[in-house]
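In: pasting a predicted model and its sequence here:
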Amino acid sequence: MPKTKTKRAAAKRFKVTGSGKIVRGRAFKRHLLSSKTRKRKRNLRGTTEVDKTNLHEIKLILPYHGI
C-alpha cells in the first residue's frame, strides 16, 4: 500500500497547534470591504479553530500532521 499524499493546498491553509487543534484563517476579508463595517472587518482578523463537524475531512487530507 503506498503512502497517502498530503493535499498541499490544505497544508498551506491549516495549521496544527501544540495541543493538536486545527486552526484556519477567516473568510470574507478579500474584497468588497467598503460595505462591511469596521467592527466586522476587525473581527475577521486572525485565526479561528476548525469546527468539529469538519475535522474528519481535514484529518483525511492532512495525514501526517499529528492530528
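Out: On my side now, so go ahead. In this text, all values refer to a predicted model and were calculated from it rather than measured experimentally. Residues are numbered from 1 along each chain as shown.
In: now the strands for this protein?
Out: Remark: strands assigned in the chain by DSSP state E are 14-16, 22-25, 47-49.
In: residue ranges in the chain under the pLDDT threshold?
Out: Counting by pLDDT under 70, the chain shows no low-confidence range.
In: what about the helices in it?
Out: Counting by DSSP state H, residue ranges of the helices within the chain are 8-13, 38-43, 55-61.
In: residue 20 is nearest to which of these?
Out: For those, proximity to residue 20 was assessed by CB to CB; helix 55-61 is nearest, at 10.6 Å. Quick note: C-beta positions are derived from backbone N, CA and C, even for glycine.
In: now tell me what touches the closest one from outside.
Out: Contacts of helix 55-61 with the rest of the structure, by CB atoms under 8 Å, 6 or more residues apart in numbering, involve 6, 7, 10, 14, 22, 50, 67.
In: got it, and stretch 12-22?
Out: Residues from elsewhere that reach stretch 12-22 (CB under 8 Å, 6+ apart): 23, 24, 25, 47, 49, 50, 55, 58, 62, 65, 66, 67.
In: list the buried ones in it?
Out: Of the residues in stretch 12-22, those buried by neighbour count under the rule 16 or more other CB atoms under 10 Å are 14, 22.
In: please state the offset of that stretch from the chain centre?
Out: Taking CA atoms, centre = their mean, to the nearest Å, one finds stretch 12-22 lying 8 Å from the centre of the chain it belongs to.
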